[in-house]
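In: this is the structure alone, sequence omitted:
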DNA sequence: TATCTACTGTAAACTAGCTGACAAATATTT
DNA sequence: AAATATTTGTCAGCTAGTTTACAGTAGATA
């Protein structure tokens, strides 16, 4: 790939907007670039040298596998999101992989060590980056307290509201969301069983709050959610 | 308080160890210092200008109050820990206060804005701080996945193990923990009801894994936990 | 087009843990 | 020392959500 293009790929991200061409090139020298199709599994933790990844196109889910082989969704990553060793501290404890949800994805990556050097040379980037990690932390804290104090129904509502806000296409009070998740995925995100999620979604469909199918979810009146 | 003393108070923390006298003075000029007794409540979020606090002595718990007035323990802060706007982003959403658990505490604080300036001038501190925030995030992620996949008993075991490791005094296989928490506190930390926590602790006492009283918890064989 | 696989729908049985209620034991205050 | 407040112990009844189990449906594959 051309240097120029790589440059724009990174510059495009709000976190890197302040960087000069030279600075980005520091990262770009070792930037990997990868395309993948729906359903493909991308291993990224441990094994390799620690990296930070940037999803340029599509959606993926990060799945963690624990000792007993149970799989849980850690995160849904969308176009423009960073993932990988965001804490700047490689850990070989966690066993994670990424699975492609959209038709195809484009991912670029750079080495953690190069990123660290860049942060050292660019304190204001370091500051932005800390705030970015902090924001991620706040999100997790939020899901945590939701899980503690809210029931499955409320969590599903909240999830749909967030999803609609982030990616939904508004048509008046109606919001259309491109549905790249299965009910099982949704269940895992809101921390409930597949059956409970199914039941709640059908309930919502029956009382006219939304229309669900494998392609899209239409929320009929977002203000009522 | 003497400048000198303030200097040592901050220098003492691993995060600030690399700083010069002058740099710390930047923070110290506006450093607040406060002592409080057991049971006292310290409000720190919103209200004031955003600050970062450093607990020099004792233990406190951070309690969040939600819309309906429910109180949940967000964090237990120990000697040497930082708390406050650690994400460098003030948010007035959250309504939190700190309650003193130990007999007395000493807290010093500095303004978020001064800290940010310091980070900008000291890239390696910025990097350490980013990793520090990242570590906090990992901890929360961990409790989150525990809450999802482990039952109350396992979570209590894990909590006790962590607590013992952090603060316990080892005597061979026996570990003695100074118990500044009530069963209700413990219950909230491991996200269960007070009654369940009580029941589990008694169960553990009965089958000889520990001795519990209001002053201390003695784990009889840490390797069996 | 038929076959297979992954996803969705539904329901009964079960269970971990919550709620409420009250008693007993410790601390704390007067 | 007495009164009050907080913490701990225990138990019965309940419920949200899980598990198991099976059937129907849509999409992908041969």
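Out: Ah, there it is. Predicted model, so just to flag it, every value in this text is computed and none were measured.

In: how near is the most centrally placed residue in chain A to DNA strand D?
Out: Nearest to the mean C-alpha position of chain A, counting by C-alpha atoms, centre = their mean, stands residue A:77 at 1.8 Å. For residue A:77, the distance to DNA strand D equals 21 Å [C-beta to the nearest atom of the strand, to the nearest Å]. Every C-beta, even on glycine, is put in place using the N, C-alpha and C of the backbone.

In: just the residues contacting the helix or strand encompassing that residue, thanks.
Out: Residue A:77 is part of strand A:71-78 when elements are defined by DSSP states H and E. Strand A:71-78 is contacted from outside by A:55, A:59-66, A:83, A:96, A:98, A:101, A:166-167, A:181, A:185, A:188-189, B:141, B:145, B:148-149, using C-beta atoms under 8 Å, 6 or more residues apart in numbering or on different chains.

In: same question, stretch A:208-218
Out: Under C-beta under 8 Å, 6+ apart, the answer for stretch A:208-218 is A:160, A:174-179, A:182, A:201-202, A:204-205, A:219-221, A:224-225.

In: same thing with stretch A:98-105?
Out: Under the criterion C-beta under 8 Å, 6+ apart, residues A:35-44, A:55-63, A:76-77, A:83, A:180-181 lie in contact with stretch A:98-105.

In: gap between that stretch and the chain center?
Out: Stretch A:98-105 has its C-alpha centroid displaced from the chain centroid by 11 Å (C-alpha atoms, centre = their mean, to the nearest Å).

In: quick one: average confidence on it?
Out: With pLDDT averaged residue by residue, stretch A:98-105 scores 93.

In: please parse chain A into its domains.
Out: A:3-147, A:150-224 (automatic domain parsing).

In: show me which of the contacts of stretch A:98-105 are buried.
Out: A:36, A:44, A:55-56, A:58-63, A:76-77, A:83, A:180-181 (16 or more other C-beta atoms under 10 Å in any protein chain shown).

In: chain A against DNA strand D: which residues are in contact?
Out: Chain A comes close to DNA strand D at residues A:151-153, A:191-193, A:195-196, A:213-215, as judged by C-beta under 7 Å from any atom of the strand.

In: dump these to CSV, plus secondary structure and neighbour count.
Out: Rendered in CSV, the data for these read as follows (DSSP: H, G, I helix; E, B strand; the rest coil; neighbours: other C-beta atoms under 10 Å in any protein chain shown):
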residue, secondary structure, neighbour count
A:151, coil, 10
A:152, helix, 17
A:153, helix, 15
A:191, coil, 19
A:192, coil, 20
A:193, coil, 12
A:195, helix, 11
A:196, helix, 16
A:213, coil, 9
A:214, coil, 10
A:215, coil, 8
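
In: residue A:99: how many residues sit nearby?
Out: 18 (other C-beta atoms under 10 Å in any protein chain shown).

In: what values do phi and psi take at it?
Out: phi -120, psi 130 (degrees, to the nearest 10).

In: so which residues on chain A come close to DNA strand C?
Out: Contact residues, chain A versus DNA strand C (C-beta under 7 Å from any atom of the strand): A:182-184, A:194-195, A:198-199, A:201-202, A:212, A:214.

In: in strands only, show me these.
Out: In this view, these that belong to strands under DSSP state E are residue A:212.

In: okay, the residues of chain A next to DNA strand C in TSV with pLDDT next?
Out: Below are these laid out as TSV (pLDDT from 0 to 100):
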residue	pLDDT
A:182	97
A:183	98
A:184	97
A:194	97
A:195	98
A:198	98
A:199	97
A:201	98
A:202	97
A:212	96
A:214	95
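
In: check which helix or strand the residue nearest to residue A:225 when sequence neighbours are not counted maps to.
Out: Nearest residue to residue A:225 in three dimensions, chain neighbours excluded: residue A:161, at 5.3 Å (C-beta to C-beta, 6 or more residues apart in numbering or on different chains). Element membership for residue A:161, per DSSP H and E: helix A:152-167.

In: from the residues of chain A next to DNA strand D, which single one is nearest residue A:9?
Out: Ranked by distance to residue A:9 (C-beta to C-beta), these are led by residue A:215 at 28.9 Å.

In: and chain B, is stretch A:184-202 touching that?
Out: Yes - on the criterion C-beta under 8 Å from any C-beta of the partner chain, stretch A:184-202 is in touch with chain B at residue A:191.

In: from the chain's centre, how far out does that stretch sit?
Out: Stretch A:184-202 has its average C-alpha position 19 Å from the chain's average C-alpha position, going by C-alpha atoms, centre = their mean.
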